[in-house]
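*Asks:* Fold the following for me, if possible:
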Amino acid sequence: MIRTLRPAMVAALLGVLITACGHQPWSARITKASIAGDDQTVTVTFEGERFTDGPVCTEVDRTEVTETSAVVTVEVFINYSCVEPGDPFRGTSAEQSTHIRLESLLGERRLETPDRQSIAITRP
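*Replies:* Numbering: from 1, shown residues only. The predicted structure follows:
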């Protein structure tokens, strides 16, 4: 017995397939950071990806920052910018950076990743 699918069901199935085949943002490995003279703007350097001998193929999707009186926790999520969903990627690492504005001055607080790894900070 063959049944016809309603348009809403078809749309829902397509949405699931597109989501499952797409690239999802992932947490980048942060390698270092520098603090600007205002003690509130942090430049975070992380490992992205590039095509071998080609363009950088990752971009920042979002950043997540949590500030306490002793620690600033930073996570950078990246995603592919030049690879179609479902396509394999073969390349090398690429150093990239992004700027983050803290709510409060960094001062003597530590900068670390969510898994409590310390991030080396260069100060002016």
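
*Asks:* centroid residue for the protein?
*Replies:* Phe77 (1.6 Å; C-alpha atoms, centre = their mean).

*Asks:* Doesn't it lie inside a strand?
*Replies:* Yes - counting by DSSP: H, G, I helix; E, B strand; the rest coil, Phe77 is found in a strand.

*Asks:* So that it lines up with my notes, have the first residue be 224 from now on.
*Replies:* Taking 224 as the first residue, the last one we looked at is Phe300.

*Asks:* In the sheet, which residues pair with it? Tell me.
*Replies:* Ser250, Arg285 (DSSP bridges).

*Asks:* Tell me if I'm right that it and Trp249 touch.
*Replies:* Yes - counting by C-beta atoms under 8 Å, Phe300 does reach Trp249; the two are 6.6 Å apart. Yep, even glycine has a C-beta here, placed from its N, CA and C like the rest.

*Asks:* residue ranges for the strands of the protein, please.
*Replies:* 249-250, 253-258, 264-274, 281-290, 294-303, 314-324, 333-335, 344-345 (DSSP state E).

*Asks:* Mean pLDDT added to those, as CSV?
*Replies:* Shown next, in CSV, are these (pLDDT from 0 to 100):
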stretch, mean pLDDT
strand 249-250, 95
strand 253-258, 97
strand 264-274, 92
strand 281-290, 96
strand 294-303, 96
strand 314-324, 90
strand 333-335, 98
strand 344-345, 97
